[in-house]
Each structure stands twice: as C-alpha cells, then as structure tokens.
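Student: Quick one: sequence plus predicted model below, questions after.
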Amino acid sequence: MTGTVAAPVLDVARARKDFPILSREVNGHPLVYLDSGNTSQKPRAVIEAMRQHYERHNANVARSVHQLGTEATEAYEGARAKVAAFIGATSPDEVVFTKNSTEAINLVAYSYGARLRLGDEVVISEMEHHSNIVPWQLLCDRIGATLRWFRVSDEGRLDLSTLDRLVNERTRIVSIAHMSNVLGTINPTEAIVKRAHEVGAVVLLDGSQSVPHLGVDVTALDADFLAFTSHKMLGPTGIGVLWGRSEVLESMPPFLGGGSMIETVSLEKTTFAKPPTRFEAGTPPIAQAVGLGAAVDYLSALGMAKLARHEAQLTGYALEALATVPGLRLFGPATTRDRGGILSFDLPGIHPHDVGQVLDSLGVQVRVGHHCARPICVRYGVAAMTRASLYLYNTTDEVDALVAGLAQVRKVFG
Amino acid sequence: MTGTVAAPVLDVARARKDFPILSREVNGHPLVYLDSGNTSQKPRAVIEAMRQHYERHNANVARSVHQLGTEATEAYEGARAKVAAFIGATSPDEVVFTKNSTEAINLVAYSYGARLRLGDEVVISEMEHHSNIVPWQLLCDRIGATLRWFRVSDEGRLDLSTLDRLVNERTRIVSIAHMSNVLGTINPTEAIVKRAHEVGAVVLLDGSQSVPHLGVDVTALDADFLAFTSHKMLGPTGIGVLWGRSEVLESMPPFLGGGSMIETVSLEKTTFAKPPTRFEAGTPPIAQAVGLGAAVDYLSALGMAKLARHEAQLTGYALEALATVPGLRLFGPATTRDRGGILSFDLPGIHPHDVGQVLDSLGVQVRVGHHCARPICVRYGVAAMTRASLYLYNTTDEVDALVAGLAQVRKVFG
Amino acid sequence: MTDALYQEIILDHYKHPHGRGLREPYQAQAHHVNPTCGDEVTVRVQLSGEQVEDVSYEGMGCSISQAAASVLYDLVRGGTVEAALTRHDAFQAMMTGRGEVEPDENVLEDGVAFAGVAKYPARVKCALLPWMAFKDAVLRANETETQP
Amino acid sequence: MTDALYQEIILDHYKHPHGRGLREPYQAQAHHVNPTCGDEVTVRVQLSGEQVEDVSYEGMGCSISQAAASVLYDLVRGGTVEAALTRHDAFQAMMTGRGEVEPDENVLEDGVAFAGVAKYPARVKCALLPWMAFKDAVLRANETETQP
Ligand SMILES: Cc1ncc(COP(=O)(O)O)c(C=O)c1O
Ligand SMILES: Cc1ncc(COP(=O)(O)O)c(C=O)c1O
C-alpha cells in the first residue's frame, strides 16, 4: 500500500475466452472481429441465460397467475431493473423495452411528436445514423414541421457556433448522437441540453454507440430520452431500450396499440396503462430481456471504467498504427480526446468494398459502405468508408492484423 | 397395401422429449402446460439453432461484405424463405419480420391506414384480441374514421347476417381473427374476404392462433394481410410476421424510419427501399428469425396435418371431459367443428384467479383473466375466464389432470 | 398445496364478507381496476372529523381481493383516519415485501393472514386493490373537505 | 485468398476500363443505386433500329461494379439489342446462381471471369448494378421510340 492505487487493467485474454465465436476461423485465418459498432459478439453467459430461460422458465409475462408465468415475469421485470441501474435511472418505470434503437427513436417521433404543429422545428445533426434522421423526416412531413441540423467540422466535431440560432423558440425536439457511429466523436451534450431546455424543447440522445462503451448516467446527462440497442452491448438482437424521464413519458399518448398496454378496453373506448407498460404493446421480447440483463451483469462485473480505459488505450494504439498506412485518410478526431473506438477511413483510389473484401480474405471483419449515415459521407465527399470498430475483446495484435491487411489491399489494388 | 392408407398418428411421447421444459416439475407436480395459446414451449432444435447462431455466425445483416455478415444474412433471408413456404406465399418478399403480431397489425394500421379519410370505416369483431382492436381505435381517432364490429352468437360464432350492411362502400379495412384466442372458433373467412373485395376493402386476418395449428395457406385464404407471432408457434419471443400481398405492400408508405429501409438518404430528402425491406427499419431480430426458421422446420417435419388431427382429437376429448364437471360453463363452440384447441370456461361462483391458483398448486398451468379480449368477456357477462389451450405436446392424461384439478378447486371454494 | 395462500381466515372473509355493499352517505369514492385480469372494486368512505365513520365497497374479484376488502372494513371502520392510513402502509409494506416483511399482528390483526399472499407476486395486486382504492377515496374526501 | 473473386481479367477491366464516360447522343439513361453501400451508376444507351450504337457510363463503385460496366460495354456495344438482352440474361443467371451455373464463354466472353463473384452474395449486387441500369435504359429507349 503506497497510497497510489494502480488502475486495474482489463484481462482481455481472459475475457476473450468468454466469447465462443472468437475461437472461430474465417477463410483459414483466426477471426479478427473489428465490427462491434455494427453488432457486438455475445459472451457465453448471455447465450446460456437465454437457453436456460427457454428450457426452464418460458411463459408469457404479466398475464398469468401460474408458476412459470410468475418466473418469466420476474425475469423480465428483473431485467428492466438491471438496465435501469446500469444507466442510473431513478426508476425501472423509466425503462421501455423496444425492438431496437430504431423503434425507440420512432416511438418518440410518433408519440411525443404528436404534439408538434405546423412551423415547429426539430434539430438533428449531419453526423446522425439514418435511424436518427428518417423518423424525424417522416414526422416533419406528417406535421409540416421543419428539420434543421448541426454542421460537422473538418475534424469531426459538431459545430456549436450555431447552437443559439438552431435551437430557438420554435424548436420542440433536439435529437443527437451521444457518440457517432462513423466518426467516433463523443458529442458535448451539456451545452445542447442546457439550450434546449431553455427554449422548452426536449432532448433525445441516441446512445446506441455510447451506452455499450462509456458507462452512461442518465441523471448526469440530464436529457429527456436515451435510446440504445441490446445487440451492440453484448446482448441479443430483437430488443432495444427507450429510457424516458418519468414526467415526459407520462405525458405521452400510446404508440402501438394492443395487449398489455391497456387499462380497460371496450369496443367504444379504451384507456391506457401507465408507462412503461403503455408503450409495450403485445408480447414483449422476454427471453431477449433476460439476455440483455445478463449482458448488463457481464459488463458491470467487468467494470465499465476498466472497459473504457482499455478501449481508449487500444484506440490510441490504432490511431497511431493507421497513421503509418501511406495515403490513409482518417475521418473523425485524430486523438482519443472525446472519441471512442470507431475508426473510419479511406484509402484513396481503392473502393471500401475492395478494402473490406481483401481484409475478409485474411479473417479481418470490418464494415464498408455508408454505415447508415450517408449525409456524413457526403459531408466528407466520399460515397463510402471502411470502418474498424473496437470492443473490450479486441487486442493490439488485432489492430496489427488490420494494418498488415491494408498493406495487402494496396498490393492488390495499388 | 389394401388401398386405404391409415392416417399417420402423431407420436406425442416422442415429440415431448424434444421439449426440455416438459420434464420440469412445478410445485412438486409434473408440469402440465395448458397455456400454449398464450405462448408455446420451445423444442431443443429451436433453442440450439439460436445458440449456434450466436456462437458461430453472429453478425449484422445486409450491411457487410465480410464472411460472418454473409453467413448471418443468408441465415436471416433463409428464415424468410422458410416462413414464406410455410404459409404458401408466392415470394419471400411478401414476408415482413416484425417484433410480434401486435406490431404487424399496427404496421398496417399506420401505413395502409394513412390512406383512410374522414367517414371511412374499419370493421372488426367482438371476439378480437386487444391487439386487433386498439390499433384500429387509434387509427379511427387519428383520421376520424368509424370502427364497426361483427357481433358474436351465443354459440361463439360470428354473426354474418349483418355482413352486407357492415361491410359497405365506406369500408376500407376488415380485420378479423382467423381463430379466436378465447373461444377457439375458426372463423369463416371466405364470405368476408369475398364481400370486402367486392366493396374494395382489404382484409387482414389475425393468424396469431391459426398459423401455429392449422396449416394456413395465404393463397387459398385470398386475404391481403396475415399477422402472426413466432412465440406461439414454437419459435422465440421477439419476432412476428406480417405477410402482405405484393401489390398492396408496394403501395404502402414506410412506417418506422431508420437504417436499412432506405434507398438513399440526404438531410433534405429520402427515398425508400422496396418491401419487405421498406418495413424493416433498424437491426432486425436476426437470431430470432433463425429460431423461427427452425420452428417452421420442426413443424413441417412433424406435419401440420398430423398435428391438426392430434389437436382435434384431444380437443374432442377435452370437450367431453369438461362437460362432466358440475356447473362448468364452456364459452365457444361445443363441438370440434371449425374450432381449435382453446377451451375457456367459468365455474360459477369461483373466480378464475382462484381456479388458476389451485390448478397451479397441482402443476397445471392455465391462463385466467380477460385474455386480452375484454369485449368478448363482456359479451358473455363475465369479468374473466379460465382458459386451457392445447398444442401438439399435450396428452389426454394432461386433460385428465385438469379435470381432477377442477374437482380440487370445487373442494376448496365450493 | 395452496395453504400458505388460502389461509382459513382468508377463505372465511371471502365466504362471509364483512361490511359489503355500497352505502350512503359517503363523501368520496374510488373505482380501481386490475388491468391484467379486469377485476374491479369501488370503495366509498364517510369521514367525520378524524374518524372513519363508514367504509363500504362492491366489486368483482377473486377470493384474495374480496377477503382483503372485508379485512379492510374491519381494520379501518370506526378508527381514526391516521390509524387507517398507518394500517394501509403496514399492509402495503407486507404485501410488497416478497414474504420477507414480518407483519405486526397488533396493527394488522386478521390482515396478517395475507402474509402468505406476498409470496405470490401475481396475487399481490389482488390483495392491494381495495386498499389502494380506499386510500384514493380518503384523499378525495379530504380534498372535498378543504375545498368547501 | 481472394483469387476466385479478383480474377486478373476483372482487375484489368477495373484499372483500364473500356468505354467509360457519359457520351452524347443518347436516347435514354438510367441511374441505379446500391442502397447497402451507396454505390451509383448512370448508364446511357443510343440505339439505332436493332443495333446498340453506343453504351456509355459513369459512376462510383468498387472494382467489381466498375469492371462489370467495362465488360458490359464490350459485350453489348455494336451488337443487336436482342443479343445484348440475351447476354444480360446470361450474366444475371450466372450471378444469381450461387456459383452453380456454368457460364457459356461464347455468350459472356470476359464476363465469365465474374463466375467467382457469384460465390460472394454480398458482391453479386455490385456486379449486377451496371447491367440492371443498362436494361432499364434500353426499356426506356424503346418506350421513347414507340411513343414519338
Ligand atoms: C388472436 C391474437 N391476436 C394477437 C395476439 C398478439 O400476439 P403478440 O402478443 O405476440 O403480439 C394474440 C396473442 O397474444 C392472439 O391470441
Ligand atoms: C448511432 C446509431 N444509432 C442508431 C442505430 C440503430 O440501431 P438498431 O439498428 O439496433 O436499431 C445504430 C446502429 O445501427 C447506431 O450506430
């Protein structure tokens, strides 16, 4: 005990053993999975939790007095409580389970959006994922509202110089990525939230990329909504989350109608349950909630701070390594300050499809294309990018494999 | 070979071995699961298909050129083709994956419903599940359209005497349960479809209860939409299906906006992909589609005709057995003609909660309450019912256990 | 079996409910619904200063909710409003305690028979239904008083 | 490695594309997009009776789609419309055949080099992109002709 505590280090080699797929080969090479920003891999604990649920406790929830139904309901509501704790929500009732981030954002656009009127404004940014663009375009079309957006600087930062003009008395909703899925940029939410609340607008943060990596605390963020998605945070596909501030959720009309979201139904008139139930029509993703709960347990046991430190180190390593690749153009911040482990780049004259294909032949899995964020590609004057995205299980060796692969790409297409 | 072929019989004992949960005990008794109308149990093949997917092939779909992404995409699209074949669709493009039946019906209400105008009419029935009532109430509220409904007879049949009046030139949508989740009634769709098409209305059949049991053929049904849900047909939670006739789907605007459902996006203007992609915004339930595909394989291998015959026999047995319970009032048709294995009843003077609780203490799992179909409970003058629902893995011994349990109920509360 | 749940006391109250029926006069009433099963209860209260002069109720429901209403009647009628709310809180604490809250028989009397129900999460709402409606009705009665 | 995919012939066409650029005159053009990656191509056709007088194209895309456009130019320019459409069909059949359709070298010439691409489902759309646009443009040109 010397008074300084050595920062605990993530035991990556040990964590990797928890992910069955990582021992797989691809095209005769060990799998190098650098596409976690697209979807993450799943630890055994998550896969097993769902198997166990189906083999021992499967039943529908909130509808049965029987034993299996009680077990399933406790598992489902238990998962809600775990997710609430993971993001620092004051109550599990602020956690609505959806099918993915996209549905979570659409829920807000339809339900909260129903109060907008002709001439109202919605503000997004140029670096949004299509899932945080199209719902607002559809809303504005329905209502006659206007969509406006923050510009992005050459360095990949939101241009906040226009904040006070963009977010004004006509603004009703501001919806911004907490972390960009293309640039890795972690956006400064404080100023935006402050200004939005000043003018009476609500703020939705798209946490699809931040919640899996950053240890997000909704109380500290002070936004009104947070959307995120299980499959990017070690959980299963088929489930996402809308967190909403209680008062705001309570003020919102239903979105999907059906079983379980009602108080009482007659053919003439129906009244609705309180949130979160009001927004969970039909049989919810029960086993998927169990899997997401297990994912949250896994991440918490590992420690989000340790995870974030590992990823920051690895991102720094990757930024330096990619800078050695001749001609490579990186999009997004050049340092690890306020950026996560998402590395999008261009090799001039070589199409990302071809980059990705050669890398794949070496077992290296990266994403290529517009990453469901075409406006930011247009912003940088490219049709597509190659993107490597990191997670807790990635290593410097894997970054080296990427860089070696890029040398091979240049040999084939140089 | 005598010229007559003995009808092949379902080997229930063998099939039961495929369902791990069926060997479980509940409250010290062997599990007697009579709640498949609520959610079915899952065979090992389904649970394992999802485990394998996560352990070997997990990646996002339709976005990657890499090997894992290709495998995941083939698995996902392969599941779509299996589902299409299972219901006799002319093309996999007519199969939209949703999160459950409820979302499938809401999708139609929002997207097809967008063309309705003040004064238009939507027709449902008194025996619908809340998921086939509330979306239409919300739609009618939004548009100023009128909701009308078929009455149900004392015997639990749709009253079609009003067909020509109810379905008229103002009718745009008719949405009816193919099989009732409370009465077991299989509705006569032919006359309804014919009349609806005559007046230019589309027909949605809620196949949540029929597709798992009947061997449904969309071409023969000639409806425009069919909604059903994986978790009631041996598949996982978190995925449902909207089948739609190609021309109709193609004529419909998007519902949820986001990744994957677009053709090209700019901040000013977005164009949309063709169906089914247009209606699948965001990361879809990939592993769940794999599980549903495995469920469809399991059902097909078993044989839907064999399954239906087993269930019809068991339903006949159960109808006779329940008739021996003093005072028991059965809701729905008294014979197996045009009815499935759903048996709802009342023991006068004993609340269904109490019936269910005593049965649960004996390991018998039934559903109690309004079954998300309050209007039909009101129609029969009860607040709640007790419901036993059968599936391929149920046996006459289990029906006997139910009847013995009801004797116990009467002992405690008689 | 279900002995922990269906104590003799509960079945007695269910079969022979105390104080059942809606009575006049009353200052306020509340109607509550259990959305998962459709059960309903209406509870009326008549306060007189600090006293609960009468509680009357009517509803459709299972043995647990009916017996809970009957016990409620015994526990709150004729006492002070404060005592009634203390008993409400004790009953609620016991019911939501997952069977881990030791009830005080001095406070809850016959109500302690519901301790076993707390182990059946699906039934907790049934037991609470009349108590929640009672509390609501008291709040409304007080509002009416202070806004003459 | 990727040898099955990146045949020498394909890389040659990619690095030295034949007939590239948009030219006048043309009767019709079609613009196609690959929504998963954002690749785009514009194809123009100039027909003269039964003859394909010129095909010109421009676009952003990967080696496969660029090389496919170059091969398209070689295969259809100067021939009959009927021959062009036959080749279109043969190319499409090969590409969607999952590597199990044996291509006819007499019909597809350099195009047979794309047989390996058919084994990469994610790239099939790339190879088809200019061919689909070409077919569209021909249909439009015919429409224009028949509706003077
Ligand atoms: C007839 C009917 N329709 C719709 C549904 C809703 O299905 P889900 O809850 O999977 O959306 C059900 C089952 O709950 C049903 O039985
Ligand atoms: C920033 C961002 N927002 C939204 C989404 C959509 O998530 P999902 O596809 O799970 O709905 C994604 C990922 O695809 C994302 O990266």
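Tutor: It's in. Residues are numbered from 1 along each chain as shown, chains lettered A, B, ... in the order given. Ligands and ions are numbered 1, 2, ... in the order given.
Student: any idea which element residue 138 lies in?
Tutor: This is for chain A. helix A:134-143 (DSSP states H and E).
Student: Correction: the question concerned chain C.
Tutor: Under the assignment here (DSSP H and E), residue C:138 is part of helix C:121-146.
Student: where does chain C dip in pLDDT?
Tutor: Filtered on pLDDT under 70, chain C yields the residue ranges C:1, C:145-148.
Student: Number of residues surrounding residue 116?
Tutor: Went with chain A since none was named. Using other Cβ atoms under 10 Å in any protein chain shown, the number of residues around residue A:116 comes to 19. C-beta here means a position set from N, CA and C on the backbone, and glycine is covered the same way.
Student: um, chain C though
Tutor: By other Cβ under 10 Å, the residues close to residue C:116 number 17.
Student: Would you check that it makes contact with residue C:8?
Tutor: No. Using Cβ atoms under 8 Å, residue C:116 is not in contact with residue C:8, being 11.6 Å away.
Student: Angles on the backbone of whatever residue of chain C ends up closest to chain D, please.
Tutor: Going by Cβ to the nearest Cβ, chain D is nearest to residue C:35 of chain C, at 42.5 Å. Per-residue torsions, residue C:35: phi -60, psi -20 (degrees, to the nearest 10).
Student: which SSE is the closest residue to it other than its chain neighbours in?
Tutor: Residue nearest to residue C:35 in three dimensions, not counting chain neighbours: residue A:263, with 4.9 Å by Cβ to Cβ, 6 or more residues apart in numbering or on different chains. Using DSSP H and E, residue A:263 falls within strand A:262-265.
Student: Near chain B, which residues of chain C are found?
Tutor: When proximity is defined as Cβ under 8 Å from any Cβ of the partner chain, chain C approaches chain B at C:1-2, C:5-6, C:11, C:36-40, C:60-64, C:66, C:120, C:123, C:126.
Student: From those residues, list the buried ones, please.
Tutor: Among the residues of chain C next to chain B, those classed as buried by 16 or more other Cβ atoms under 10 Å in any protein chain shown are C:2, C:5-6, C:11, C:36-40, C:61-64, C:66, C:120, C:123, C:126.
Student: Okay, and which of the residues you listed map to helices?
Tutor: When DSSP state H is applied, these are split such that C:11, C:63, C:64, C:66, C:123, C:126 fall in helices.
Student: Out of these, flag the one nearest to chain B.
Tutor: For those, the nearest to chain B is residue C:63 (4.9 Å; Cβ to the nearest Cβ).
Student: Quick check: mean pLDDT of stretch A:201-215?
Tutor: When pLDDT is averaged over stretch A:201-215, the result is 98.
Student: right, is that stretch up against chain B?
Tutor: No. Stretch A:201-215 stays clear of chain B (Cβ under 8 Å from any Cβ), getting no nearer than 9.5 Å.
Student: Skipping adjacent residues, who's closest to residue C:60 in space?
Tutor: Spatial nearest neighbour of residue C:60, chain neighbours left out: residue B:383 (4.6 Å); criterion: Cβ to Cβ, 6+ apart.
Student: isn't the one you found right up against residue C:38?
Tutor: Yes. The criterion here is Cβ under 8 Å, and residue B:383 meets it with residue C:38 at 4.7 Å.
Student: How about chain C: which residue is closest to ligand 2?
Tutor: In chain C, the residue found nearest to ligand 2 is residue C:35; the distance is 29.2 Å by Cβ to the nearest ligand atom.
Student: what's the spacing between that residue and residue B:247?
Tutor: Per Cβ to Cβ, to the nearest Å, residue C:35 is found 40 Å from residue B:247.
Student: ok, now residue A:133?
Tutor: Using Cβ to Cβ, residue A:133 is found at 29 Å from residue B:247.
Student: neighbour-wise, which of these two wins?
Tutor: A side-by-side neighbour count of residue A:133 and residue B:247, using other Cβ under 10 Å, places residue A:133 first with 29 against 8.
Student: if I pick that one, what's in contact with it?
Tutor: Contact analysis of residue A:133 by Cβ atoms under 8 Å, 6 or more residues apart in numbering or on different chains lists A:124, A:375, B:257, B:265, B:267, B:270.
Student: What helix or strand is the fifth one located in?
Tutor: This means residue B:267. Residue B:267 belongs to no helix or strand, assigned by DSSP H and E.
Student: what's whichever strand or helix holds residue A:354 packed up against?
Tutor: Assessed by DSSP H and E, residue A:354 sits inside helix A:352-361. Packing partners of helix A:352-361 (3 or more Cβ pairs under 8 Å, 6 or more residues apart in numbering or on different chains; DSSP states H and E): strand A:367-369, strand A:385-389, helix A:396-413, helix D:63-76, helix D:121-146.
Student: cutoff 10 Å now
Tutor: strand A:342-346, strand A:364-365, strand A:367-369, strand A:385-389, helix A:396-413, helix B:67-86, helix D:63-76, helix D:121-146 (3 or more Cβ pairs under 10 Å, 6 or more residues apart in numbering or on different chains; DSSP states H and E).
Student: circling back to that earlier point, touching, the residue of chain C closest to chain D and residue A:272? I think so.
Tutor: Yes. Using Cβ atoms under 10 Å, residue C:35 is in contact with residue A:272, at 9.3 Å.
Student: Among the two, which residue is more densely surrounded?
Tutor: Applying other Cβ under 10 Å to residue C:35 and residue A:272 shows that residue C:35 carries more neighbours, namely 22 against 19.
Student: Leaving out chain neighbours, which residue sits closest to residue A:232?
Tutor: Residue nearest to residue A:232 in three dimensions, not counting chain neighbours: residue A:212, with 5.0 Å by Cβ to Cβ, 6+ apart.
Student: Just the buried residues of the host helix or strand of that neighbour, please?
Tutor: If you go by DSSP H and E, residue A:212 is part of helix A:211-214. By 16+ other Cβ under 10 Å, the buried positions in helix A:211-214 come out as A:211, A:212, A:213, A:214.
Student: Closest to chain D out of these?
Tutor: For the buried residues of helix A:211-214, the residue nearest chain D by Cβ to the nearest Cβ is residue A:212; the value is 23.3 Å.
Student: separation between the residue nearest in space to the middle of chain C and residue B:351?
Tutor: Closest to where the C-alpha atoms of chain C average out (Cα atoms, centre = their mean) is residue C:131, at 3.3 Å. Distance of residue C:131 to residue B:351, given as Cβ to Cβ: 18 Å.
Student: Can you tell me the number of residues neighbouring residue A:199?
Tutor: Using other Cβ under 10 Å, residue A:199 is surrounded by 15 other residues.
Student: on that earlier part again, residues in contact with both of residue C:35 and residue A:272, list them for me.
Tutor: Listed as contacting both residue C:35 and residue A:272 by Cβ atoms under 10 Å, 6 or more residues apart in numbering or on different chains are A:261, A:262, A:263, A:264, A:265.
Student: mind listing what residue A:223 touches?
Tutor: Per Cβ under 10 Å, 6+ apart, neighbours of residue A:223: A:174-176, A:178, A:189, A:192-193, A:196-197, A:202-205, A:207, A:243-245.
Student: residues touching residue 103, list them.
Tutor: Just going to use chain A. Residue A:103 touches A:96-97, A:131, A:135, A:227, A:229, A:239-240, A:242, A:255-256, A:279, B:99, B:103, B:256, B:258, B:281-282, counting by Cβ under 10 Å, 6+ apart.
Student: The intended chain is chain C.
Tutor: Taking Cβ under 10 Å, 6+ apart as the test, what residue C:103 contacts is C:90-91, C:93-95, C:97, C:109, C:111-115, C:118.
Student: Chain C against chain A: which residues are in contact?
Tutor: Contacts of chain C with chain A, taken as Cβ under 10 Å from any Cβ of the partner chain, map to C:33-38, C:40, C:62, C:98, C:119-123, C:126.
Student: what about the strands in the stretch 51-200 of chain A?
Tutor: A:95-98, A:121-125, A:146-150, A:171-177 (DSSP state E, counting those that start in this stretch).
Student: For ligand 1, what is the nearest residue in chain C?
Tutor: Among the residues of chain C, residue C:36 lies closest to ligand 1, at 13.1 Å counting by Cβ to the nearest ligand atom.
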